[in-house]
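Colleague: Compute the structure for the input listed below.
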Amino acid sequence: MPSPYNTFTIYEPKERKIVSQNMQDKVINHLVARYILYPVILPCLLDVNVASRKGLGTSEGIRLVNKFHTLCKIKYQKYYILKCDISKFFASIDHDILKNKLQKKLKDKDAMKIIFDIIDSYSPGLGIGSMTNQVLAIFYLNDLDHFIKEFLKIKYFLRYQDDFLLFHPSKKYLQYCFEQIKEFLGKERLTLNKKSRIYSSNDNFLFLGLNRKGNRSKYRNVKRNIKYKLKLYNKKKLQLRSLVSTIMCYKSHYPHMFT
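Modeller: Predicted structure coming up:
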């Protein structure tokens, strides 16, 4: 059984509980992820699931978003995007459902016991910050990926952990997909947050921190973020150096806002 986690809260970019481990558990965690989980889990994952995998990540996610926009514009001209975000994803992962999914893939009983001990070492859900938990999290939604691609027949789809996009020429069909996905996630003990919605191809929205034009923030978001950081600092939830680095970063990108 792993040693107790050191748990702390971060407030940037949003409030999250993060777990850290001692060095011995961290080494074991990496070995378990690389030599037990990866060989079993990676072959069953779709390439549109781009998080926490070598050669993929945010850069591949952004590349696919741009590619799908271009293809849909050429093919359909007018199209729609269903943008979904799961509420409190890591904290909502159900241990029993996850173990049942793993039992279908893992046949070694000793390896299974190690993984189950890691899963049960944190509750509720999985802790953010552990390599093993990152791999387990991308695997937890693998059935959803296959459901969207194979049952809903969405050709242009990608997911980064709990954030995902569906592209389609029919808004009505995406509304149907929206309801189907909510029903599917309900069986996984997950819910979509209130920000999940359908966008027109002309709308500008953020995915992986970037909007359609490749910019990170609109000016009003910058001002709102700075006010939020000031509020955290005044409540002693944010260090001065973090506040200063945020302001200096924005100042370098948007100098005219500070003149």
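Colleague: what residue ranges in this structure score low on pLDDT?
Modeller: 1-26, 211-222, 241-259 (pLDDT under 70).
Colleague: Centre-most residue in it?
Modeller: In the chain, the centroid-proximal residue (C-alpha atoms, centre = their mean) is Gln161; its distance is 2.9 Å.
Colleague: what about the strands in the stretch 101-250 of the chain?
Modeller: 156-160, 163-168, 197-200 (DSSP state E, counting those that start in this stretch).
Colleague: want to throw those strands into TSV with distance to Tyr233?
Modeller: Quick note: C-beta positions are derived from backbone N, CA and C, even for glycine. Output for the strands of the stretch 101-250 of the chain, formatted as TSV (distance: least, C-beta to C-beta, whole Å):
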stretch	distance to Tyr233
strand 156-160	30
strand 163-168	28
strand 197-200	32
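Colleague: Now for the chain: which helix has the highest residue count?
Modeller: Looking across the chain with DSSP state H, the single longest helix is helix 58-76.
Colleague: relative to helix 58-76, how tilted is whichever helix or strand comes after that one?
Modeller: For helix 58-76, the succeeding helix or strand toward the C-terminus, using DSSP states H and E, is strand 80-85. Using axes from the mean of the first three to the mean of the last three C-alpha atoms, to 10 degrees, the direction of strand 80-85 lies 150 degrees away from that of helix 58-76.
Colleague: Pairing partners for strand 80-85, with directions?
Modeller: strand 163-168 (antiparallel), strand 197-200 (antiparallel) (DSSP bridges).
Colleague: sorry, back to before: list the buried ones in the longest helix of the chain?
Modeller: By 16 or more other C-beta atoms under 10 Å, the buried positions in helix 58-76 come out as Glu60, Gly61, Ile62, Leu64, Val65, Phe68, His69, Cys72.
Colleague: What residues does Val48 make contact with?
Modeller: Counting by C-beta atoms under 8 Å, 6 or more residues apart in numbering, Val48 makes contact with Leu64, Asp145, Lys149, Phe157, Leu158, Arg159.
Colleague: Quick check on the residues you listed: which are buried?
Modeller: Leu64, Asp145, Phe157, Leu158, Arg159.
Colleague: so which of those comes closest to Pro43?
Modeller: Closest approach to Pro43 among the buried ones among the contacts of Val48 (C-beta to C-beta): Asp145, at 13.7 Å.
Colleague: That closest one is in contact with Leu46, isn't it?
Modeller: Yes. Using C-beta atoms under 8 Å, Asp145 makes contact with Leu46 at a distance of 4.8 Å.
Colleague: before we move on, the earlier item: want to try JSON lines for the buried residues of helix 58-76, with distance to Glu188 as columns?
Modeller: Listed next are those as JSON lines, based on distance: C-beta to C-beta, whole Å:
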{"residue": "Glu60", "distance to Glu188": "25"}
{"residue": "Gly61", "distance to Glu188": "22"}
{"residue": "Ile62", "distance to Glu188": "27"}
{"residue": "Leu64", "distance to Glu188": "24"}
{"residue": "Val65", "distance to Glu188": "25"}
{"residue": "Phe68", "distance to Glu188": "25"}
{"residue": "His69", "distance to Glu188": "29"}
{"residue": "Cys72", "distance to Glu188": "28"}
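Colleague: what's the closest of those residues to Asp85?
Modeller: Gly61 (13.9 Å).
Colleague: contacting residues around the closest one?
Modeller: Neighbouring residues of Gly61 by C-beta under 8 Å, 6+ apart: Val50, Ala51, Leu158, Tyr160, Phe207, Leu208.
Colleague: The fourth one is in contact with Val50, isn't it?
Modeller: Yes. Contact between Tyr160 and Val50 holds when scored by C-beta under 8 Å: they sit 5.5 Å apart.
Colleague: Quickly list what's touching both of these two.
Modeller: Common contact partners of Tyr160 and Val50 (C-beta under 8 Å, 6+ apart): Thr58, Gly61.
Colleague: Greatest separation within the buried ones among the contacts of Val48: which pair is it?
Modeller: Leu64 and Asp145 (13.3 Å).
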